[in-house]
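Asker: could you work out the structure for the sequence below:
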Amino acid sequence: MVVNTHSLNMLEFQHKMSNASSLPYNGKTVEEVRRKHRLRFGVIPDPLNPPHHYGVSTPVSTNFPTDEDLVLTKKLEDLLFSFNLFENEEQRTLREVVLGELNVIVNDWVRDISMKKGLSEQLAQDAGAKIFTFGSYRLGVNNPGADIDTLCVVPKHVTRDEFFDSLQEILVNHPDVTDLAAVPDAYVPVMKMYFKGIQIDLLCATLSLPMIPEELDLLDDRSCDLKNLDDKSVLSLNGCRVTDQILRLVPCIGNFRLTLRCIKKWAGVRGVYSNVVGFLGGVAWAMLTARICQLYPNASPSKLVTRFFRIFTQWNWPVPILLTEVDTSGVLGRKVWNPQMNVKDRTHLMPIITPAYPSMNSTYNVSRSTMRIMQEEFKRGEQITIDIEAGKKKWEDLFEPNNFFSRYKAYLKIQCHAENEADHLKWAGFVEAKVRFLILKLEHTQKIEYGHPNPKMFDFSTDPYYSSYFIGLCFEKETRQVDLTPAVLEFTRALHDWPSKKDTMLAEVSYVKRSQLPNYVFPDGVPPKRRRRRRSSQPAKETEEKSENTEIGDKHPNNNGSDNEEKVQGENEGEDHGASKGEEGDNKVEEKSEKQEKEKDTADPMDTEKQEGEEVNEKSVSDVISADSVGEKRKLDDSAPQSEPKRKKITDTYEGEFNPTEDIEPEEMKDLDFGSILPTQTFSAKNQTGKKPILKF
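Answerer: Below is the predicted model of the structure:
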């Protein structure tokens, strides 16, 4: 006897289930069905009609917003409006007009191409083409003045070469099109232009269809016929398919959009918004936000923002972020992200997987350095949002700019130059794309803890074809000598080996101290005033003599007794250490003289007895990383103190499932299962050798 639940209401179904515990259901007893489908509140659902939920797991909490949540949401929305993140009606209308005119242009172009290839006038008219949008504009979170990512879908008899030939010629001669630049050899071929002042990035995908229907659904695998498409067309289609799938997988699009605007603004001001240099791009931030919306389907945007930082502060990477199950069937013959089958996928540190087939990792550029920086920013965001909910802080505190140019004592400056605008655009873009490879080389350089790339490119007002990038350097504790030569030479060699490089394209890498940073990196071109630090009352003469007796290459002396009475704490993690440790009970403190302050600020962290600002903040690292290390430790130099406790290094790898801490509500700790993957692979640090630290290349 099989229970027919279609004709029963819930109470009748529960009663019949309780009196028929031995009845079979799909080869299982009712007790097995009850154990498998048990709800949190003891209600047994209909096995044939399980409750719907978004994502790969059940929600963490289905609570609705409180009055306090709505008040915080209103304050957050008002603040975002003050940042000018929303377009007005006139700006939205202009974008729609531009897209409509662009759609007419590509349809006329396809008709002309079709007639030249022998199709009748009617068939050429029916062949058609269609413009799709994706990215921030399609998600509904674009800022005023932002570009529009567009895709031109054409029938099978129109080629990509014709797209970059005849269509490009039509657009170049169009009176409303300016600054058109085509990049046909890019990983995803693109045509960039300004149409009536609106920046357009136009891609092309050729489908295996004789004509493009008006109601074409790009998420329909059969309509797109991904199996018979070339790789460039699949990559071009992927942007639209991912964006549309994200919107289908979030429970409330309005809450998702407001939350995503907040997260994107925060990531921008905190310097972690750049896929090119190893942080996260717009699609990755959108997928992280969408996952939080799935876990809290009824929450307000203010609650979603606080849970965003709480969840990802505790997330045990490399457990992947999935909005839906990955299709690994291989029916369409496309390679998908699968760490159990693909060895390369196991090396990804922060996998955030796209929800549309073929699933890909959107964060393959993330390095150990950039991952560490983002984890610290998650931790900071969590603490601030906790204080916001407690009424101790305001939303403005979350969006304070980062302190990149006061955080480190040493930097690498990468300068690039070209003789004209077109060459400079290509050259600067290529140099920017190679910065993440320099970060990887620095990670494998002895004595380097991590490298922090600044995603902003700085241009000179006097020379428009001259740009620079900066990388903050964090050294290991007790470091007095670092050889950057192998890492920098390999980076510069990769730049010079670029096939498209011209003799007029120049690049230079130099080492600069914080006091030597150019003024153009600071707001308004004015460096901030340094706060004077206090020190213990040890005689200045004795301190100067100790400093003069220290030379690069000497072994660090064993400081005992009175030598340990003065220990200068670093500024490397952006903390403001105002006083040094002195003898217990010694309250007599003297101000440093102008000369001593200047000498301290200009001291090279590569040649001081104990460099300032190179001590790792162990507490912040241990707070962010909660799992045990299973990877290979970076080899320390023989001269490092052996009595120090073992610290977690940025080269460690972690595995495990999401394990919320006790500050999450009790109902949020039930039925959490996000799966796990194989641990990532790491590489041992190479021992680079050199006679002296390299300062300029």
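
Asker: count of residues packed around residue 161?
Answerer: 9 (other Cβ atoms under 10 Å). For glycine as for every other residue, the C-beta is placed from the backbone atoms N, C-alpha and C.

Asker: tell me how far it lies from residue 234.
Answerer: Residue 161 sits 18 Å away from residue 234, going by Cβ to Cβ, to the nearest Å.

Asker: with residue 183 instead?
Answerer: Distance, residue 183 to residue 234, by Cβ to Cβ: 18 Å.

Asker: try residue 316
Answerer: Applying Cβ to Cβ, the value for residue 316 to residue 234 is 32 Å.

Asker: contacts for the helix or strand encompassing residue 81, please.
Answerer: Assigned by DSSP states H and E, residue 81 belongs to helix 67-82. By Cβ atoms under 8 Å, 6 or more residues apart in numbering, the residues outside helix 67-82 that reach it are 65, 86, 258, 261-262, 265, 299-303, 305, 388-389, 394-396, 399.

Asker: report pLDDT for the residue nearest to residue 514 when sequence neighbours are not counted.
Answerer: Take residue 514 and drop its neighbours on the chain: the residue closest to it by Cβ to Cβ, 6 or more residues apart in numbering is residue 409, 5.5 Å away. pLDDT for residue 409: 92.

Asker: give me the neighbour count for residue 409.
Answerer: For residue 409, the neighbour count with other Cβ under 10 Å is 25.

Asker: my read: it touches residue 512, true?
Answerer: No - counting by Cβ atoms under 8 Å, residue 409 stays clear of residue 512, with 10.5 Å between them.

Asker: mean confidence for stretch 518-527?
Answerer: 86.

Asker: hmm, I typed the wrong one, I wanted stretch 155-171.
Answerer: Stretch 155-171 comes out at a mean pLDDT of 95.

Asker: with stretch 223-231 instead?
Answerer: pLDDT averaged over stretch 223-231 gives 83.

Asker: gap between the two ends of it?
Answerer: With Cα to Cα, to the nearest Å applied, stretch 223-231 spans 17 Å between its terminal residues.

Asker: for that stretch, buried residues please.
Answerer: By neighbour count with 16 or more other Cβ atoms under 10 Å, stretch 223-231 contains the buried residues 224, 226, 229.

Asker: again, but for stretch 357-370
Answerer: 357-370.

Asker: tell me which two in these are the farthest apart.
Answerer: 357 and 369 (32.0 Å; Cβ to Cβ).

Asker: give me the distance between residue 523 and residue 404.
Answerer: Distance, residue 523 to residue 404, by Cβ to Cβ: 12 Å.

Asker: ok, those two, which is more surrounded?
Answerer: More crowded of residue 523 and residue 404, by other Cβ under 10 Å: residue 404, with 20 against 9.

Asker: got the contact list for that one?
Answerer: Under the criterion of Cβ under 8 Å, 6+ apart, the contact list for residue 404 reads 271, 452, 454, 470, 472.

Asker: quick check, residue 191 in a strand?
Answerer: Yes - applying DSSP: H, G, I helix; E, B strand; the rest coil, one finds residue 191 inside a strand.

Asker: beta-bridge partners for it, please?
Answerer: With DSSP bridges as the criterion, residue 191 is bridged to residue 182, residue 202.

Asker: go ahead and confirm it touches residue 180.
Answerer: Yes - between residue 191 and residue 180 a contact is recorded at 6.9 Å, counting by Cβ under 8 Å.

Asker: what residues are shared contacts of those two?
Answerer: Common neighbours of residue 191 and residue 180 (Cβ under 8 Å, 6+ apart) are 168, 171.

Asker: of these two, which one has the most company?
Answerer: Taking other Cβ under 10 Å, residue 191 and residue 180 do not tie; residue 191 has more neighbours (21 against 16).

Asker: where does that one land on pLDDT?
Answerer: Looking at residue 191, its pLDDT is 95.

Asker: helices and strands of the protein: which one bottoms out on pLDDT?
Answerer: When each helix and strand of the chain is scored by mean pLDDT, DSSP states H and E, helix 618-624 comes last, with a mean of 30.

Asker: residue contacts, residue 245?
Answerer: 219, 323, 324, 354, 355, 356.

Asker: redo that, cut-off 10 Å
Answerer: For residue 245, the contacting residues are 218, 219, 287, 290, 323, 324, 354, 355, 356, 357, by Cβ atoms under 10 Å, 6 or more residues apart in numbering.

Asker: output the residues you listed in JSON lines, with distance to residue 156 appended to each entry.
Answerer: Putting the contacts of residue 245 into JSON lines (distance: Cβ to Cβ, whole Å) gives the following:
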{"residue": "218", "distance to residue 156": "16"}
{"residue": "219", "distance to residue 156": "20"}
{"residue": "287", "distance to residue 156": "32"}
{"residue": "290", "distance to residue 156": "33"}
{"residue": "323", "distance to residue 156": "31"}
{"residue": "324", "distance to residue 156": "30"}
{"residue": "354", "distance to residue 156": "25"}
{"residue": "355", "distance to residue 156": "27"}
{"residue": "356", "distance to residue 156": "22"}
{"residue": "357", "distance to residue 156": "21"}
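
Asker: write the ChimeraX selection for whichever of these are buried.
Answerer: Remark: buried members of these, expressed as a ChimeraX selection using 16+ other Cβ under 10 Å:
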select :218,287,290,323,324,354,355,356,357
